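Colleague: All I have is the shape, not the residue letters:
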Ligand SMILES: Nc1ncnc2c1ncn2[C@@H]1O[C@H](COP(=O)(O)OP(=O)(O)OP(=O)(O)O)[C@@H](O)[C@H]1O
Ligand SMILES: [Mg+2]
């Protein structure tokens, strides 16, 4: 626990405690909603959602499997956030990444073996990076608020991908994209059989490794490199960064591109999971994109912590499935899960807002100092 | 003796430091009580304890003889205690009135009741001669005016014990005089004032008594009328401090910085904030830009170090034209800059001390290899600077800069910029918020740098500093250089006249400029 705390709280003086408290608040909120809506089934349903993710090996596999794409969108949001940017464009970056991966997966039949899925992932990252790059460059050169341009890019991305799928890789019977070649799918690496219950295999694949490796890379990038020093400097205090001769425009652009690449990769890993999943041509923004936001918030934008917060969110979705045993409708379950997730994230946000409100009257450094007194001594 | 506030045995420990160690302080009714001590001596901490921001580990606070518990600023307000912080706490996009009533708003049917509040604010501002316009947005008004807003905030809450934490550090000499007048007026109305300052002159001028702290300990309390500046500074530092720096004679060398026809427009008004300014700085010379705040000093400095673009004119350093060069390029050509606003530009408060000390050099081969930061080197380097400049903090190089005392934050910046070994050092109010010992040290450093043949351009609002340290003084008024005089041949009166624009004609040619 202490080691974990140290890893997560490093340099921020914060630690993992606030996130845990936030999660408890979220769970309480969810439970209250259950109590109000279905008092009789509330306890059973709540237990189901809490334990559903670990009832058997397959469930654990499913949790990790579902965590993979939101881990990447979470990383996307978190990384941009470290540079002081609010990347709400993860949904758009996610779908263009997904499309690029599908296109390579369906069309590039000439690519042999492993090269095929690697190429698909790279294509997804490039497409996602482009989708992040555009709001980045608008912000840097024209001072366009990234929230607005990201939202616009979300819609452009969604409609464009729907259009392109119909033009290039459409499977009209199912109103979906065509299935990708087997070689384009992420290798299972034995994970599906490792995490299985009897003959019921989970959908887990090596995409999880890709996501975890990305988290580690981003962590190292942020905490250990000159580049990360500059990015965080821009995020903490843009004026001081400028004063120190740091090229803030470059930092903004690169940060958004990297963030976009992560979300794009998330899109690829969702559709290259080997389940034959196709991209449904519907006018809905990808929910995985937005789920990255609470994942990142819960992790307080620490890339390593994102791994765990993504697993937590996925854990709730898997557990939620079991709530159907207690006669909860799937929509209701989704709502409950959303309530838990967003209450957790919100309580962190509110905590921040309250803290800064207090800071108007209260010495800010005192707050920080005391917090350090609690968290810092473990080092 | 009757005290309105009595603090006894106050102890407060932070990780790594005992900020207050068994401190005693008695405040009499209607007195101005100064609190003096080195940077990091624990003054702000002690006042934060009184204001309820920190809970003391030990100690008792009494008001009018009764022990009180102060658990937060709310309690303090109820007891009539108000505080103006070292770094103001105003909401920048709110207007003056909104800031004053923030937290004690009266509402009617859920709507803000502003008219009554406005009347009261206007009344108070008239009664205490604190001129403000209730509708001005905070970010548009000067620091001096912001301070008045802070004072009005306290008065609006009917506070009778007023804490001023280094109120004068950010003010111009004129504003300081005004503030002192206001403070006297307040005590005449029966308010009691605790006043933190590093400027002994101010203590001698307004304070009745003075309590001195050193390294978190109580040294003593003296009647100001029965003491001298020298005695006070000795009490505070524990040794004699020379308030006058020794400055060996030195012939300026070749021109290092040449500014000609520099013009910077104000973005909003379109007027020239810096108006056709030409001057130069030579090797081994300290040139001071003196003037009343807001006469173009900031804009001039921003243009010199590349933070804004000049609209006309040229900047040449070491025979290289740097007019259009970026900030980093200027730094690499040997320009260092101690900025005016340490929180806005000088520091990244959420980075630790070591990270801040390499803010200008983190990318150099010394501190990185193949793009990776060399933490061992960074922390070792930070430790050497911390030793050399006596930067005090709780956890050394790993202290989050936000938790450091104001003066020590300033020392961190000064050490970083001097240690870059620049050819030209631009120092904007380098000693703002420093104690006399630290000021002496920084002044010596500047003179040392001069001895090494560095050119130094110092911007200061303080006449004493301008006259003491510099070789040549440029007086800036409404964006123009109205005087260029030898520091030895000019007195404070004459300088004051130039600064107020009363002698706009007399551009004399001083020493270094060829
Ligand atoms: N919140 C905090 N957390 C940790 N250390 C702190 C905190 N606040 C103050 N300190 C430490 O306590 C000591 C006293 O600080 P304080 O701000 O009271 O000094 P000060 O006398 O006001 O100095 P200055 O004149 O520089 O403003 C310093 O060493 C400082 O680093
Ligand atoms: Mg202080």
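Modeller: Thanks, I have the structure now. Because the structure is a prediction, the values reported are computed rather than measured. Numbers count the residues shown, from 1 in each chain, chains lettered A, B, ... in the order given. Ligands and ions are numbered 1, 2, ... in the order given.
Colleague: quick one: low-confidence parts of the stretch 1-150 of chain B?
Modeller: Within the stretch 1-150 of chain B, the stretches with pLDDT under 70 are B:1, B:107-112.
Colleague: Get me the contact residues on it for ligand 2.
Modeller: Within reach of ligand 2 by Cβ under 5 Å from the ion, the stretch 1-150 of chain B has these residues: B:44, B:86. To be clear about C-beta, it is placed using only N, CA and C from the backbone, and glycine gets the same treatment.
Colleague: Pull out the buried positions in stretch B:486-504.
Modeller: B:487, B:490, B:495-499, B:503 (16 or more other Cβ atoms under 10 Å in any protein chain shown).
Colleague: Same check on stretch B:437-454?
Modeller: Quick answer for stretch B:437-454 (16+ other Cβ under 10 Å): B:437-443, B:445-447, B:449-450, B:453-454.
Colleague: now, which of those lie within helices?
Modeller: Per DSSP state H, helices hold the following members of the buried residues of stretch B:437-454: B:437-443, B:445-447, B:449-450.
Colleague: Pipe these into JSON lines and attach distance to ligand 1 and pLDDT per row.
Modeller: Output for those, formatted as JSON lines (distance: Cβ to the nearest ligand atom, whole Å; pLDDT from 0 to 100):
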{"residue": "B:437", "distance to ligand 1": "11", "pLDDT": "84"}
{"residue": "B:438", "distance to ligand 1": "9", "pLDDT": "84"}
{"residue": "B:439", "distance to ligand 1": "12", "pLDDT": "88"}
{"residue": "B:440", "distance to ligand 1": "15", "pLDDT": "87"}
{"residue": "B:441", "distance to ligand 1": "14", "pLDDT": "85"}
{"residue": "B:442", "distance to ligand 1": "13", "pLDDT": "88"}
{"residue": "B:443", "distance to ligand 1": "17", "pLDDT": "90"}
{"residue": "B:445", "distance to ligand 1": "18", "pLDDT": "88"}
{"residue": "B:446", "distance to ligand 1": "20", "pLDDT": "90"}
{"residue": "B:447", "distance to ligand 1": "23", "pLDDT": "91"}
{"residue": "B:449", "distance to ligand 1": "23", "pLDDT": "90"}
{"residue": "B:450", "distance to ligand 1": "26", "pLDDT": "91"}
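Colleague: So for the buried residues of stretch B:486-504, which is the shakiest by pLDDT?
Modeller: When the buried residues of stretch B:486-504 are compared by pLDDT, residue B:503 scores lowest at 66.
Colleague: circling back: with distance to chain A added, can I get the buried residues of stretch B:437-454 in TSV?
Modeller: Formatted as TSV, the buried residues of stretch B:437-454 follow (distance: Cβ to the nearest Cβ, whole Å):
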residue	distance to chain A
B:437	23
B:438	20
B:439	23
B:440	27
B:441	24
B:442	20
B:443	24
B:445	21
B:446	20
B:447	26
B:449	20
B:450	24
B:453	24
B:454	20
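Colleague: Among those residues, which one lies nearest to residue B:395?
Modeller: Using Cβ to Cβ, residue B:438 comes nearest to residue B:395 of those, at 20.4 Å.
Colleague: residues contacting residue B:356?
Modeller: Taking Cβ atoms under 8 Å, 6 or more residues apart in numbering or on different chains, we find residue B:356 in contact with B:347-348, B:401, B:412, B:416.
Colleague: same question, residue A:219
Modeller: By Cβ under 8 Å, 6+ apart, residue A:219 lies in contact with A:302-304.
Colleague: now residue A:41
Modeller: Applying Cβ under 8 Å, 6+ apart, we find residue A:41 in contact with A:34, A:326-328.
Colleague: just residue B:63 next, same as before
Modeller: Going by Cβ under 8 Å, 6+ apart, residue B:63 touches B:4-6, B:79.
Colleague: Report the two of these separated the most.
Modeller: Greatest spacing in the contacts of residue B:63, by Cβ to Cβ: B:6 and B:79 (12.8 Å).
Colleague: any chance you could map the helices in the stretch 1-150 of chain A?
Modeller: Secondary structure of the stretch 1-150 of chain A by DSSP state H, counting those that start in this stretch: the helices cover A:2-9, A:17-37, A:39-51, A:57-82, A:90-107, A:113-142, A:146-168.
Colleague: likewise the stretch 201-350 of chain B?
Modeller: B:229-237, B:297-304, B:327-332.
Colleague: For the ones you listed, could you give me CSV that also reports mean pLDDT?
Modeller: Output for the helices of the stretch 201-350 of chain B, formatted as CSV (pLDDT from 0 to 100):
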stretch, mean pLDDT
helix B:229-237, 88
helix B:297-304, 92
helix B:327-332, 92
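Colleague: and the gap between the one residue in chain B that gets nearest to ligand 2 and residue B:146?
Modeller: Proximity of chain B to ligand 2 (Cβ to the ion) peaks at residue B:44, 3.2 Å away. When distance is defined by Cβ to Cβ, to the nearest Å, residue B:44 is 18 Å away from residue B:146.
Colleague: Show me what the mean pLDDT comes to for stretch B:154-166.
Modeller: Per-residue scores along stretch B:154-166 average to 90.
Colleague: Also stretch A:182-194?
Modeller: Mean pLDDT, stretch A:182-194: 86.
Colleague: Tell me which residues are up against it.
Modeller: Stretch A:182-194 is contacted by residues A:57, A:61, A:101, A:104-106, A:108, A:111-114, A:116-117, A:120, A:201-210, A:269, A:272-274 when judged by Cβ under 8 Å, 6+ apart.
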